[in-house]
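Novice: sequence isn't available, so here's the structure alone:
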Ligand SMILES: Cc1cc2nc3c(=O)[nH]c(=O)nc-3n(C[C@H](O)[C@H](O)[C@H](O)COP(=O)(O)OP(=O)(O)OC[C@H]3O[C@@H](n4cnc5c(N)ncnc54)[C@H](O)[C@@H]3O)c2cc1C
């Protein structure tokens, strides 16, 4: 069976890996000159698979309204992006009821748990180095009510496999001594010991190279412009004029997915949410943190990339596909890092040229879309939102099983196109 995977981000590369394992003839195609150069390039690196709520929190509309009014908010909506968000936004709100939010969190947690096993298996089988670590993931809370809210949700997700420990302030510092500088501000923590982390871009590059050694074809620097159905198969054309044929096609183009899907009459409820990151040298900082964490009060994620670098991520902006970096963003992220680790020993300033931004492919209904598209032999693996690195390995595994007619580890109707 000849399968063409469009998109060599974490999701596409993982899908190619599992299809190859099933003995398919796989080709991977990507618009960029190297794999993993879009959302998978500078993301937070956390594989936080336990306790995974969708963004569709019942109170989420308040954040959006605050963002629109220019007040401090975790979700910023730019006015110029509003027209493209109207229908999508109503759909988002429709899926933000208590019941749908909880059901979404259950499905995400089950997919995430499967991903943990898949990442271990990929790392063991291929031996690729993507700075894969199994040090867990820590959420730090600065107010008791937020900690109680997440604890309550986590308890509900226990039956879906969520593993976590609620930590006191002292236990939080014991786990991550680098937090000692803000001890008086910490209300407690929630630690998921079995969570993992890794460099998604290195994963994409090295896994693609490994697959090519195993006989998978990769076509880089080829942006698919046209996709047409020819009988039961497909014909694709790229910006260079190159043409490709395939029996089956997987669309794994992240936030760009709606454009190609539309050519085959498939409407995807996905919009881009921009986020930012900086990657700083930290080798001279002897007491650097070791556990990937998010400080929910500051709204920042901090994670080691290997032993020498620290990545700081933040921001969620609905601004269309606008790649501009606001002035001072680098120093803002650095100030967030220092708000969590006041004794950070590293650069005093970050120029905006060193700030990365990427687009999370955010689905209106809060769940990735994995499986059939409605057009026979055209499959979807997209819309992974803020969790795409975490979910990539499991998404690739279950979709590849489905394509070759094997029973996936999880029921795909849980991750289908929403009605
Ligand atoms: C600031 C930030 C922090 C994040 N932190 C985390 C985190 O800690 N943990 C986590 O799990 N997730 C995180 N995410 C989310 C995660 O990065 C994404 O969900 C994930 O990378 C999506 O992977 P993907 O493969 O679907 O898309 P992408 O990585 O964007 O890959 C899509 C690929 O498709 C290619 N493509 C697009 N159109 C075409 C075309 N027409 N022809 C050919 N190729 C095409 C692109 O070149 C690209 O390589 C974060 C995201 C951001 C922005």
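Specialist: Here it is on my side, so go on. All of these numbers come straight from a predicted model, not from anything done at the bench.

Novice: which residue ranges of the stretch 1-150 of the chain form strands?
Specialist: 2-6, 25-30, 46-47, 76-77, 137-141 (DSSP state E, counting those that start in this stretch).

Novice: near the closest residue to the ligand within the stretch 101-250 of the chain, how many other residues are there?
Specialist: Here the stretch 101-250 of the chain gets closest to the ligand at one residue, residue 224, 3.7 Å apart by CB to the nearest ligand atom. No exception for glycine: its C-beta is placed from N, CA and C like everyone else's. Neighbour count for residue 224, taken as other CB atoms under 10 Å: 25.

Novice: and it, how far is that from residue 263?
Specialist: Taking CB to CB, to the nearest Å as the measure, residue 224 falls 9 Å from residue 263.

Novice: repeat that for residue 1.
Specialist: Counting by CB to CB - residue 1 and residue 263 are separated by 23 Å.

Novice: residue 217 now?
Specialist: 23 Å.

Novice: again with residue 70
Specialist: 38 Å.

Novice: give me the more crowded residue out of those two.
Specialist: Higher neighbour count among residue 70 and residue 263: residue 263, with 13 against 8, using other CB under 10 Å.

Novice: list the contacts of the closest residue to the more buried one other than its chain neighbours.
Specialist: Leaving aside its chain neighbours, residue 263 sits nearest to residue 227 (5.1 Å; criterion: CB to CB, 6 or more residues apart in numbering). Listed by CB atoms under 8 Å, 6 or more residues apart in numbering, the contact set of residue 227 reads 234, 235, 236, 249, 260, 263, 264.

Novice: what does whichever residue of the stretch 1-150 of the chain sits closest to the ligand show for phi and psi?
Specialist: Nearest residue of the stretch 1-150 of the chain to the ligand (CB to the nearest ligand atom) works out as residue 9 at 2.1 Å. Dihedral pair for residue 9: phi -80, psi -170, per degrees, to the nearest 10.

Novice: for the ligand, what are the nearby residues on the stretch 51-200 of the chain?
Specialist: Neighbours of the ligand within the stretch 51-200 of the chain, by CB under 6 Å from any ligand atom: residue 200.

Novice: how many neighbours does residue 243 have?
Specialist: For residue 243, the count of nearby residues is 10 (other CB under 10 Å).

Novice: roughly how far apart are the residue in the stretch 301-419 of the chain that the ligand sits nearest to and residue 65?
Specialist: Nearest to the ligand, among the residues of the stretch 301-419 of the chain, is residue 388, at 2.0 Å (CB to the nearest ligand atom). Distance from residue 388 to residue 65, counting by CB to CB: 27 Å.

Novice: more neighbours: the two, which one.
Specialist: The residue with more neighbours, out of residue 388 and residue 65, is residue 388; 25 against 13, by other CB under 10 Å.

Novice: residue 246: how many residues sit nearby?
Specialist: Using other CB under 10 Å, residue 246 has 23 neighbouring residues.

Novice: ditto for the one 4 residues further on
Specialist: The number of residues packed near residue 250 is 30, by other CB under 10 Å.

Novice: kindly report the same for the one 3 residues further on.
Specialist: Burial of residue 253, expressed as a neighbour count using other CB under 10 Å, amounts to 29.

Novice: repeat for residue 113
Specialist: So residue 113, with other CB under 10 Å, has 22 neighbours.

Novice: what of residue 265?
Specialist: 11.

Novice: got the contact list for the closest residue to it other than its chain neighbours?
Specialist: Of all residues not flanking residue 265 in the chain, residue 375 sits nearest, at 6.8 Å (CB to CB, 6+ apart). By CB under 8 Å, 6+ apart, the contact list for residue 375 reads 229, 264, 265, 266.

Novice: neighbour-wise, which of the residues you listed leads?
Specialist: Busiest of the contacts of residue 375 [other CB under 10 Å] is residue 266, holding 19 neighbours.

Novice: how about the contacts made by residue 274?
Specialist: Contacts of residue 274 (CB under 8 Å, 6+ apart): 315, 316, 317, 318, 319, 322, 323, 357, 358, 359, 360.

Novice: tell me which element the third one falls in.
Specialist: In this assignment (DSSP states H and E), residue 317 forms part of strand 309-318.

Novice: tell me which strands that strand pairs with, and in which orientation.
Specialist: strand 76-77 (parallel), strand 270-281 (antiparallel), strand 300-305 (antiparallel) (DSSP bridges).

Novice: can you list these in CSV and add mean pLDDT and distance to residue 91?
Specialist: What follows is those, written out as CSV (pLDDT from 0 to 100; distance: least, CB to CB, whole Å):
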stretch, mean pLDDT, distance to residue 91
strand 76-77, 86, 15
strand 270-281, 96, 10
strand 300-305, 94, 27
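
Novice: okay, those, which one's buried deepest?
Specialist: strand 300-305 (a mean of 25; mean count of other CB atoms under 10 Å).
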